[in-house]
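Asks: Here is the input, now give the coordinates:
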Amino acid sequence: MSASLLMLAACCSIGAVAAPATAAKPAGTTRPAPPVPLLWKVTGAGDARLYLLGSFHLLRADDYPLAAEADNAFDAANRVVFELSAADIESPDLAKKMVQAAVRTDGTELRSDLGDATWAKLQDYATKHPLPLAQMQGMKPWFVGLSISIGQMQAMGLDPALGLDKHFMERAAKAGKPISGLESIDTQIAVLAGMSITEQRQMVEEALELSDKGNAEIRALHDAWRRGDDALMWNRMAVDMKRQYPQLYQRINTDRNDAWLPKLQPYLQAGQGGTLVVVGTLHLLGSDGVVEKLRAKGYKVERVRAKR
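Replies: Sure, this is the predicted structure:
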C-alpha cells in the first residue's frame, strides 16, 4: 500500500532531507479553522504532566494558527521534546550523514535493485518530474522512494519548514525553553538504511504508485490530521502496513516507541512540571503506540479535545 511511504514521512522527522527542492503552491485565500490537535495529557506524580502532540512533518501556511489546546500545552510546558533535537535538525551533519548512508559503495547501480518493470516506471516518472535519475543511479532505493514521495508532498504545498516540529522548535527557542531529542541522527538514519533490498524496492514501487494516483491519498491523510481523526490515520496508514510488512513496521514504529518509553517516564516524576512531546502522529496511535504503552504502565492518559 502506498500509505506506508507516507507513514515513513510521518514517523521520521529527517525524511524531508531526502526531498529535492520544489516550488510550493500558494495557499488559498480562505483560511480554514485551526487543525484539531492530536493531543493527549499523561498525568504523573505530583505536578508532572506529559503532553503528547502528534505531528505532521510537512505542513502549509494555512495550517496555522493552531488550536488553543496545542498552544496551551506549549504554555504549560517547562521543556519541549522532539524526535531529534534542534541542534541535530540544524546540523550540517544531518544531510551529510543521510547522503552517506544512501550512496551505493559496491560499484552497482540503482537499476540492478529494481527490476526491469520498476526501472521503466522510474524512467517515465523522471521524464515528467524534477528527479535527477542519472544522479539517483548511485543511490540506494530507500532514498529514491522517499525523495519521490516527499517531493510530491512538497509539490502540493506541504513544506518541511512549516512542519509542526519546526514550529514548536522556533517557539521554544524564542521562549527560552529547553529542547531535547529522543533519538540521534544516526538512530533515525539507521531506520531507513537498515531496510532489506526487498523492502527498499517496495518503497520505490509504492512511491511510483502513489504518484500515479495523484494527490488524493496525501490530501486525505493531511485532512485527517487536520480533523484530529486518529482512527482514519491509523486505519489508512498503519493497519495494512503492519499486516503486509511487519518487519518494516516493527523497525520504523514499534521498536522506536519501546526505546522512547524509558526516556519519557522520568518526565512523569514529581517536580518535573509540564513537558510537551512533539513526535510523528503514528507513534502515538494503536495498541503499540506511546499513548497505550504509557497507559499500560498505570498512568492516567486522556485525549485533550478541542473546543469548537
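Asks: C-alpha only now, for contacts and for neighbours.
Replies: Noted.
Asks: Roughly how far does A231 sit from P130?
Replies: Distance of A231 to P130, given as Cα to Cα, to the nearest Å: 34 Å.
Asks: can you check A61 too?
Replies: A61 is 23 Å from P130, by Cα to Cα.
Asks: for the protein, what are the low-confidence residue spans?
Replies: The model of the chain has pLDDT under 70 over residues 1-30, 214, 308.
Asks: hey, where'd the strands end up in it?
Replies: Along the chain, counting by DSSP state E, strands occupy 39-43, 49-55, 79-82, 179-181, 274-280, 300-303.
Asks: The fifth one pairs with which strands?
Replies: Put plainly, it is strand 274-280. strand 49-55 (parallel), strand 79-82 (parallel) (DSSP bridges).
Asks: got a list of contacts for the longest one?
Replies: Meaning strand 49-55. 10, 37-44, 70, 73, 163-165, 267-268, 272-284, 291 (Cα atoms under 8 Å, 6 or more residues apart in numbering).
Asks: returning to that earlier point: of all the strands paired with strand 274-280, which lies closest to S149?
Replies: Closest to S149 of those, according to Cα to Cα: strand 49-55, at 17.7 Å.
Asks: tell me the angle the closest one makes with strand 39-43.
Replies: 160 degrees (axes from the mean of the first three to the mean of the last three Cα atoms, to 10 degrees).
Asks: Centre of the chain to strand 49-55, how far?
Replies: Remark: strand 49-55 is offset 15 Å from the chain centroid, using Cα atoms, centre = their mean, to the nearest Å.
Asks: Would you mind listing the residues in contact with G163?
Replies: Taking Cα under 8 Å, 6+ apart, one finds 55-60 in contact with G163.
Asks: For PyMOL, what selects the buried ones among the residues you listed?
Replies: Buried residues within the contacts of G163, by 16 or more other Cα atoms under 10 Å, are selected in PyMOL with:
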select buried, resi 55+56+57+58+59+60
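Asks: how about the helices in the stretch 1-150 of the chain?
Replies: For the stretch 1-150 of the chain, applying DSSP state H, counting those that start in this stretch gives helices covering 3-11, 68-75, 86-90, 92-102, 111-114, 116-128, 133-136, 141-155.
Asks: To A172, which of the ones you listed lies closest?
Replies: When the helices of the stretch 1-150 of the chain are compared (using Cα to Cα), the closest one is helix 68-75, at 8.4 Å.
Asks: and the closest one with strand 39-43, angle?
Replies: Using the same axes, to 10 degrees: helix 68-75 against strand 39-43 is 40 degrees.
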